[in-house]
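Peer 1: next come a sequence and a model predicted from it.
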Amino acid sequence: MEILKNRWLQRVVALFEYLYLVFVSWVGYKSFFFDASVGNSVRYWIFYVGGSVLFLALIFWTRERVLTSILA
């Protein structure tokens with residue numbers, strides 16, 4: 001599993017993690033102004049929880065990168 005230790009791959013993934021920041025900010029903005037509407041709540045929660053767990057694993061994997069430290 002040498003590819004998982006690749007420093008450049010971890011840096012690219014650390015940049016990708018900022019999409020999670022945008023997603024959480026969007027959900028927070030929508031919920032603050034009561035503009036959010038969920039058509040299928042089961043699918044929404046699977047997407048939300050699944051995405052959060054995925055990004056948690058990615059953030060844990062790249063925890064030693066500077067970009068991830070700033071994000072955290």
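Peer 2: Great, that's in hand. Residues are numbered from 1 along each chain as shown.

Peer 1: which secondary structure state is assigned to residue 64?
Peer 2: Classification of residue 64 using DSSP: H, G, I helix; E, B strand; the rest coil returns coil.

Peer 1: contacting residues around the biggest helix by length in the chain?
Peer 2: When the chain is parsed with DSSP state H, its longest helix is helix 41-61. Residues from elsewhere that reach helix 41-61 (CB atoms under 8 Å, 6 or more residues apart in numbering): 4, 10, 13, 16, 17, 20, 23, 27, 38, 68, 71, 72. (C-beta placed from N, C-alpha, C; glycine too.)

Peer 1: just the buried residues of those residues.
Peer 2: 10, 13, 17, 20, 68, 71 (16 or more other CB atoms under 10 Å).

Peer 1: so which elements touch whatever helix or strand residue 25 lives in?
Peer 2: Residue 25 belongs to helix 18-32 when assigned by DSSP states H and E. Judged by 3 or more CB pairs under 8 Å, 6 or more residues apart in numbering; DSSP states H and E, helix 18-32 is in contact with helix 41-61, helix 66-71.
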